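Peer 1: next one to model:
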Amino acid sequence: MTPSNQNMTPTQKWEILSQQQGWNDQSKLAIMESFMSEVGLMSSFLKYAQEVADDENNSETAFA
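Peer 2: Residues are numbered from 1 along each chain as shown. Reported below is the predicted structural model:
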């Protein structure tokens, strides 16, 4: 990482790294899932994803 990258957000750094490596969305998803599993965050992520799904489903029903 060059000194000019020090002020970048982690998201910006991730995008640059992904581009440099030539990772597509499928590769990035696999890397993220592997990381979440390895550090024990998959359960927390699943809870978050379920909440998002519930919100989406409730929003769709409310406007139907």
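Peer 1: give me the contacts around the strand or helix carrying Asn57.
Peer 2: For Asn57, the element it lies in under DSSP states H and E is helix 42-63. Here helix 42-63 makes contact (C-beta atoms under 8 Å, 6 or more residues apart in numbering) with 33, 36. Yep, even glycine has a C-beta here, placed from its N, CA and C like the rest.
Peer 1: try it again at 6 Å.
Peer 2: Residues from elsewhere that reach helix 42-63 (C-beta atoms under 6 Å, 6 or more residues apart in numbering): Met36.
Peer 1: residues of it that come out buried?
Peer 2: By neighbour count on 16 or more other C-beta atoms under 10 Å, the buried set for helix 42-63 is empty.
Peer 1: export it to PDB, keeping only CA atoms.
Peer 2: Output in PDB follows, covering the C-alpha atoms of helix 42-63 (Å, rounded to 0.1, in the frame of the first residue of the first chain):
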ATOM      1  CA  MET A  42     -21.100 -16.400  10.000                       C
ATOM      2  CA  SER A  43     -23.800 -16.700  12.700                       C
ATOM      3  CA  SER A  44     -23.900 -12.900  13.200                       C
ATOM      4  CA  PHE A  45     -24.000 -12.400   9.400                       C
ATOM      5  CA  LEU A  46     -26.800 -14.900   9.000                       C
ATOM      6  CA  LYS A  47     -28.800 -13.100  11.700                       C
ATOM      7  CA  TYR A  48     -28.200  -9.700   9.900                       C
ATOM      8  CA  ALA A  49     -29.100 -11.200   6.500                       C
ATOM      9  CA  GLN A  50     -32.400 -12.700   8.000                       C
ATOM     10  CA  GLU A  51     -33.300  -9.200   9.400                       C
ATOM     11  CA  VAL A  52     -32.700  -7.600   6.000                       C
ATOM     12  CA  ALA A  53     -34.800 -10.300   4.300                       C
ATOM     13  CA  ASP A  54     -37.600  -9.800   6.900                       C
ATOM     14  CA  ASP A  55     -37.500  -6.100   6.300                       C
ATOM     15  CA  GLU A  56     -37.600  -6.500   2.500                       C
ATOM     16  CA  ASN A  57     -40.500  -9.000   2.800                       C
ATOM     17  CA  ASN A  58     -42.400  -6.700   5.100                       C
ATOM     18  CA  SER A  59     -41.800  -3.700   2.800                       C
ATOM     19  CA  GLU A  60     -43.000  -5.600  -0.200                       C
ATOM     20  CA  THR A  61     -46.200  -6.700   1.600                       C
ATOM     21  CA  ALA A  62     -46.800  -3.200   2.900                       C
ATOM     22  CA  PHE A  63     -46.900  -1.700  -0.600                       C
END
